[in-house]
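1. curious how this folds, go ahead:
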Amino acid sequence: VVSWGGRFTPFCLDGHDPVWPGDGPAFLETIAQHSVGFYGWLRAVAFRLAQLVGEARNPMDVCSEGALRTAYGHRRHPFDVAAEAAAADQVARHVAA
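-> Numbers count the residues shown, from 1 in each chain. Model prediction:
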């Protein structure tokens with residue numbers, strides 16, 4: 001992670017452009033509550049989660065908003081959070097089947 005961002009500054013992964021609101025799903029902007037950094041981090045979580053589960057997913061479908069905010073606040077890498085969310089999603093789908 002090059003920059004965790006903040007309320008007015010974007011999140012940025014090494015080797016990638018900063019992530020600004022407006023290009024991704026609107027529901028992520030709602031969750032981020034006008035924090036540009038948290039929004040970009042959520043986009044990174046959602047991107048990696050989609051790669052892991054094979055379809056676009058809202059991170060809120062598998063993680064609570066509080067858990068996501070805590071993970072961002074503790075500066076947990078979004079790909080680690082996505083991996084945990086994908087594992088929880090897989091367990092939930094297996095139990096529901």
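2. all helices of this protein, in order?
-> All helices of the chain, identified by DSSP state H, fall at 26-32, 36-53, 65-73, 78-96.
3. which helices and strands does the third one pack with?
-> Think helix 65-73. helix 36-53 (3 or more CB pairs under 8 Å, 6 or more residues apart in numbering; DSSP states H and E). The way it works is simple: take the backbone N, C-alpha and C, and place the C-beta from them, glycine included.
4. just the buried residues of the helix it packs on, please?
-> By 16 or more other CB atoms under 10 Å, the buried positions in helix 36-53 come out as 36-50, 52-53.
5. now swap in stretch 27-34 and tell me
-> Neighbour count says stretch 27-34 has 28-29, 31-32 buried, by 16+ other CB under 10 Å.
6. so residue 79 touches residue 44, yeah?
-> Yes - if you go by CB atoms under 8 Å, residue 79 and residue 44 touch, sitting 7.2 Å apart.
7. out of the buried residues of stretch 27-34, which is nearest to residue 12?
-> Residue 12 lies nearest to residue 32 out of the buried residues of stretch 27-34, by CB to CB, at 15.2 Å.
8. for residue 68, give me its contacts.
-> 31, 42, 45, 59-60, 81 (CB atoms under 8 Å, 6 or more residues apart in numbering).
9. just those now: which is nearest residue 24?
-> Of these, the one sitting nearest to residue 24 (CB to CB) turns out to be residue 42, at 8.3 Å.
10. and the closest one, how far from residue 57?
-> Computed with CB to CB, to the nearest Å, the distance linking residue 42 and residue 57 is 12 Å.
11. just residue 34 next, same as before
-> 23 Å.
12. got the CA positions of stretch 3-10 in PDB?
-> What follows is stretch 3-10, C-alpha atoms only, in PDB (Å, rounded to 0.1, in the frame of the first residue of the first chain):
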ATOM      1  CA  SER A   3      -1.200   5.500   0.600                       C
ATOM      2  CA  TRP A   4      -4.000   4.600   3.000                       C
ATOM      3  CA  GLY A   5      -5.700   7.900   2.100                       C
ATOM      4  CA  GLY A   6      -8.100   9.700   4.300                       C
ATOM      5  CA  ARG A   7     -11.200  11.800   4.200                       C
ATOM      6  CA  PHE A   8     -10.000  13.800   1.300                       C
ATOM      7  CA  THR A   9      -7.100  11.800  -0.100                       C
ATOM      8  CA  PRO A  10      -7.300   8.600  -2.100                       C
END
